[in-house]
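*Asks:* my questions concern the predicted model and sequence given below.
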Number of protein chains: 2
Amino acid sequence: MQAEIISIGDELLIGQVVNTNASWMAQQLNLIGISVFQITAIGDTTEHILQALQEAESRSNLILLTGGLGPTSDDITKPALCEYFNSKLIVDESVAKHLTDLLQKRGIRAMERNLKQAEVPDNCKVIHNPVGTAPGMWFEKNDKVFVSLPGVPYEMETIMNIAIIPLVKEFFKTPTIVHKTIQTFGIPESMLADKLISWEKQLPDDLKLAYLPSPEGIRLRLSIKGENKDDLEKLIDHQVNELNKIIPADIFGYDKQSLQEVIGIILKKGNKTLSTAESCTGGLIAKLITEIPGSSNYFTGSVVAYSNKIKEDVLKVNPENIKNYGAVSQQVVEEMVKGALHLFGTDYAIATSGIAGPDGGTEDKPVGTVWIAVGSAERIIAKRYVFGNLRDINIRRSSSTALNMLRRFIEGTL
Amino acid sequence: MQAEIISIGDELLIGQVVNTNASWMAQQLNLIGISVFQITAIGDTTEHILQALQEAESRSNLILLTGGLGPTSDDITKPALCEYFNSKLIVDESVAKHLTDLLQKRGIRAMERNLKQAEVPDNCKVIHNPVGTAPGMWFEKNDKVFVSLPGVPYEMETIMNIAIIPLVKEFFKTPTIVHKTIQTFGIPESMLADKLISWEKQLPDDLKLAYLPSPEGIRLRLSIKGENKDDLEKLIDHQVNELNKIIPADIFGYDKQSLQEVIGIILKKGNKTLSTAESCTGGLIAKLITEIPGSSNYFTGSVVAYSNKIKEDVLKVNPENIKNYGAVSQQVVEEMVKGALHLFGTDYAIATSGIAGPDGGTEDKPVGTVWIAVGSAERIIAKRYVFGNLRDINIRRSSSTALNMLRRFIEGTL
């Protein structure tokens, strides 16, 4: 049992659009235990679509197509599908009604080319698209399944989630699979692997572990196949508990949680507030925190103190300290935390000061040197990091490291 | 003459990695006038590599492969290439020396699996990799060319830029192509197309125009093929001048320039300084400005005033105005600009206040309502926008719109 993905669209072949649809679909298929054998991106031509379908059918059991279903004339996927399956286009009444309703809502009168979207090959099962005009289509042929989906990512993802994944699970009788992702931050992959050697050894054979490194830390994904969902979840939860005993402070969250989301949860729970005083991160920490809906409940604000004068005037950093130790120093970030706590009246504050690059490095403080401090009225902790040479990476790593320091500060593990 | 791209790696098929390499390569090939017929992502198996090579060779003249060249054991591209070309692996002395030198610099002693990277099929031209350990490889077979490149994006891009693109141009005697991208902001695609009707009509037949929409505005790309580069550039420059007469204020830059880069150039040139006072954008404007190296020369800092209290205490917004008009109002953003100008002592300031969502909307001020103001000591201009329902998009559009307002304010076209 394996699947293939065929992505249709000239925009992919001129490099205008990155094929994020294919990797998203591949992820979803892998999560239900179906491996993807090949991903093929092709142009908007009948001949090429037919050839790709034929090749995919010769190799795989499930073929997912995206793209080529829009209302413009260069979309030729549906006629190509008719040719492939020896079927013909008919108007689907439910799609036609959905289309007219949708366009009416937007105050648009349906044009002929819009109504062409209601035409589907007469051998397919029509899959309702609740968030757009082009329906999904499900074809069966000799125990093989072909699915055609619109190329708009949001529409494709919605139809996959609500209809295609359940239908595929049923049709191919895929086993129950339970996954759990454990998110860690600040521990290098090799060190993490070392710490987990004996835990990994005792894992049941059918429990699979994957290391997924990302700029926001290393994620550990546990997966297990079986029959009974509750049993599988119990088994995984037990192993997550064991893991928590080994690396309690390194784990910051589960599944898709981000550091800023976890910090929001912790602050809300404790009814605490936060502010930031940022130099080298230039506002990115505030930007990450305010990505989270409802962050105004615990985030008061930030001073991006890019110039020394602002560090002195607004955050009340002692000019003598800047003169004696430099703006990138323990003394200065600690005073920046104090300044933010005072100015914003918050329970916690984060401060950063560093040399993001490409210029400004010295022998003592090379490009990538960053001081980060977190603290409260009672206590301030500052740490020095040396990241790398790339400005962008230095800013991002400083920001996520600062968020993780705050998390551990509040949890008492810093 | 057409090309294909084969991307090798299980990480693509489980959806862990998005195939940005393929779209980048497709872009570069299209820029030199070579169209891409198919992009195929396959797993790390000899059989699949051989099959993909065969299929690609039957259709196209240039086949680019990426991935499968790392030092780990699951990389099997080179033996597969040997099998395909009926050649054998030999140690390339120049690669071996480069490898040993590079590892030595990093303080690592070369291991056997590292030195395996110095092995190449004996029928290829070795392409030096100045930024990594795995070399590129160039194969010729019956007037067709196969190129194998490492999968690390930075390494692949470097080798493509310095070696493969020039070699491909020479081998396939591609025509000279000149491109120029004109960046616009704030004008919808349909309105832009309306304004440009007569200009488009008078364009020479061989001058191609493409509309490239993106969240940061619509880019217009002019391309022309020919013999003499200077003549082609003159022709394009003339048309860009004409375009500038029609939409002078909508054009903010050329080729890969970002709004924040253009603003940096304008501020540096005029020896002016900037600060921001951000509410709904939560620091993103400051983050964008400080992405640019050297921004500390003109950017002083920002107050992210997420709470009303901070708007009042730090930016000296009149509490009466917040009470009477709400935090999302013309009065408040104008006072925020004044507050930033005063606090930071800058020539210009930007302020934002809006309802990013998902909550907080009212009938008068639905989610997506944003007030943006830009100004100097002499003058402040504020505008009201209503973007959409998505928090993330609202924050991004508010930020880029604010940057564009500042650009037009300084240029005197707002």
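*Replies:* Here it is on my side, so go on.
*Asks:* which residues does the closest residue to chain B within the stretch 51-200 of chain A contact?
*Replies:* For the stretch 51-200 of chain A and chain B, the shortest gap (C-beta to the nearest C-beta) falls at A:Glu55, measuring 7.6 Å. Any C-beta I mention is one placed from the backbone N, CA and C, and that applies to glycine too. Going by C-beta atoms under 8 Å, 6 or more residues apart in numbering or on different chains, A:Glu55 touches A:40, B:55.
*Asks:* and the pLDDT at it?
*Replies:* Note on A:Glu55: pLDDT of 95.
*Asks:* then A:Glu157?
*Replies:* 96.
*Asks:* need phi/psi at it.
*Replies:* Main-chain torsions, A:Glu157, degrees, to the nearest 10: phi -60, psi -40.
*Asks:* go on, A:Met336?
*Replies:* phi -60, psi -40.
*Asks:* in contact with it, which residues?
*Replies:* Under the criterion of C-beta under 8 Å, 6+ apart, the neighbours of A:Met336 are A:277, A:279, A:305, A:311, A:315, A:317, A:349, A:351, A:353, A:373.
*Asks:* what's the burial count for the second one?
*Replies:* Other residues near A:Ser279 come to 31 when the count uses other C-beta atoms under 10 Å in any protein chain shown.
*Asks:* identify the residue nearest it in space, chain neighbours excluded?
*Replies:* Distances taken as C-beta to C-beta, 6 or more residues apart in numbering or on different chains put A:Ser353 closest to A:Ser279, at 4.2 Å, once the chain neighbours are dropped.
*Asks:* partner residues bridging the one you found?
*Replies:* A:Trp371 (DSSP bridges).
*Asks:* need the residue closest to the centroid of chain A.
*Replies:* Nearest to the mean C-alpha position of chain A, by C-alpha atoms, centre = their mean, lies A:Lys256 at 7.1 Å.
*Asks:* and for the residue nearest to A:Ser279, the neighbour number?
*Replies:* Neighbour tally, A:Ser353, other C-beta under 10 Å: 30.
*Asks:* check what pLDDT it gets.
*Replies:* 98.
*Asks:* so it is in contact with A:Val370, correct?
*Replies:* Yes - using C-beta atoms under 8 Å, A:Ser353 is in contact with A:Val370, at 7.3 Å.
*Asks:* what residues do those two have in common as contacts?
*Replies:* In contact with both A:Ser353 and A:Val370: A:280, A:328, using C-beta under 8 Å, 6+ apart.
*Asks:* tell me where the stretch 251-400 of chain A has strands.
*Replies:* Using DSSP state E, counting those that start in this stretch, the strands of the stretch 251-400 of chain A run over A:251-254, A:274-278, A:299-305, A:348-354, A:369-375, A:380-386.
*Asks:* may I see those organised as TSV, with distance to B:Leu343 added?
*Replies:* Below are the strands of the stretch 251-400 of chain A laid out as TSV (distance: least, C-beta to C-beta, whole Å):
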stretch	distance to B:Leu343
strand A:251-254	35
strand A:274-278	14
strand A:299-305	9
strand A:348-354	18
strand A:369-375	23
strand A:380-386	25
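*Asks:* let me know which of these is tucked in deepest.
*Replies:* strand A:274-278 (a mean of 31; mean count of other C-beta atoms under 10 Å in any protein chain shown).
*Asks:* contacts for that one?
*Replies:* Outside strand A:274-278, the residues that touch it by C-beta under 8 Å, 6+ apart are A:263, A:267, A:284-286, A:289, A:298-305, A:315, A:336-337, A:339-341, A:343-344, A:346-352, A:402, A:406, B:283, B:304.
*Asks:* grab the CA positions of it and hand them over as PDB.
*Replies:* C-alpha atoms of strand A:274-278 as PDB (Å, rounded to 0.1, in the frame of the first residue of the first chain):
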ATOM      1  CA  LEU A 274       5.400  40.200  30.900                       C
ATOM      2  CA  SER A 275       7.300  43.000  29.100                       C
ATOM      3  CA  THR A 276      10.400  43.000  27.000                       C
ATOM      4  CA  ALA A 277      13.400  45.300  26.400                       C
ATOM      5  CA  GLU A 278      15.000  44.300  23.100                       C
END
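*Asks:* okay, the angle between it and strand A:369-375?
*Replies:* With axes from the mean of the first three to the mean of the last three C-alpha atoms, to 10 degrees defining the directions, strand A:274-278 sits at 160 degrees from strand A:369-375.
*Asks:* and the longest helix for chain A?
*Replies:* helix A:391-411 (DSSP state H).
*Asks:* that one: how far from the chain's middle?
*Replies:* Computed by C-alpha atoms, centre = their mean, to the nearest Å, the chain-centroid distance of helix A:391-411 equals 18 Å.
*Asks:* so which elements touch it?
*Replies:* Counting by 3 or more C-beta pairs under 8 Å, 6 or more residues apart in numbering or on different chains; DSSP states H and E, the packing neighbours recorded for helix A:391-411 are helix A:259-270, helix A:284-290, strand A:348-354, strand A:369-375, strand A:380-386.
*Asks:* sweet, I'm off.
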